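Engineer: please find the sequence and the predicted model below.
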Amino acid sequence: MLFTYVVTGWEGTVHDSRVLTTQLEDPNSGFPHPPPGKYYLVDSGYSNKPGYLAPFRNIPYHLQDARRRGGRINGPTEFFNYRHASIRNCIERCFGVLKARFPILRFMTNFSLVRQREIAMCCCVLHNFIKLHNRDDPLFHRFGVDGVMPLPDSDDEDNTTSSLGTAANPHGYGGNNENFANSMRDHIMIQMYLHYNM
């Protein structure tokens with residue numbers, strides 16, 4: 001539950017995919033691209049492309065969808081989305097800890113834009129420092145350690161989707177080759193589903 005890269009200064013109305021695209025296109029941004037053969041999990045607001053693995057659109061995605069049905073998963077695409085959401089949930093919990101610890105983040109309109117950027121960055125740095133140096137922090141415990149809800153009848157919780165990739169795309173990022181990325185996602189989905197049903 002650590003922040004690995006923080007960019008501040010964008011208006012809240014700007015879509016997250018625009019912020020990411022700007023960082024990817026700027027060679028001086030310092031953005032840490034996924035290592036070769038690895039992927040960042042992104043939500044459905046982003047396109048699925050090499051290095052950035054998005055869920056299937058128009059398929060149930062949120063964890064509460066599966067919980068409402070008693071954990072029942074209907075087919076491989078829904079299974080993929082469920083696992084994707086389970087792992088991505090860590091990001092949401094990380095922001096939950098940040099906002100709970102630093103309520104100033106919700107009420108910064110009285111500060112100049114420059115000061116708002118500094119406050120947000122400072123809060124993220126302090127968040128990471130506390131996470132690294134205080135294992136017994138009550139907020140991190142309150143927001144959960146792993147947050148991954150196990151599926152019924154599943155003995156294997158190996159987080160397969162956290163280190164997905166292939167030698168066919170050695171860089172694992174860059175470009176907008178959605179066909180390649182979609183084929184890769186389909187391959188991952190099938191392998192995960194077959195492994196789950198073994």
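Structural biologist: Yep, it's here. Residues are numbered from 1 along each chain as shown.

Engineer: what ranges does the protein have for its strands?
Structural biologist: 40-41, 52-53 (DSSP state E).

Engineer: can the ones you listed go into JSON lines with extra columns for mean neighbour count and mean pLDDT?
Structural biologist: For every residue, glycine as well, the C-beta is placed using N, CA and C. Shown next, in JSON lines, are the strands of the chain (neighbours: other Cβ atoms under 10 Å; pLDDT from 0 to 100):
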{"stretch": "strand 40-41", "mean neighbour count": "19", "mean pLDDT": "89"}
{"stretch": "strand 52-53", "mean neighbour count": "23", "mean pLDDT": "90"}
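
Engineer: quick one: closest of these to residue 142.
Structural biologist: Closest of the strands of the chain to residue 142 is strand 40-41, at 23.2 Å (criterion: Cβ to Cβ).

Engineer: just to revisit the earlier point, tell me which of the strands of the chain lies nearest to residue 132.
Structural biologist: strand 40-41 (21.2 Å).

Engineer: looking at this protein, which helix or strand does the model trust least?
Structural biologist: helix 63-68 (a mean of 70; mean pLDDT, DSSP states H and E).

Engineer: for this protein, which helix is longest?
Structural biologist: helix 76-101 (DSSP state H).

Engineer: quick one: it to chain centroid distance?
Structural biologist: The gap between where helix 76-101 is centred and where its chain is centred comes out at 6 Å by Cα atoms, centre = their mean, to the nearest Å.
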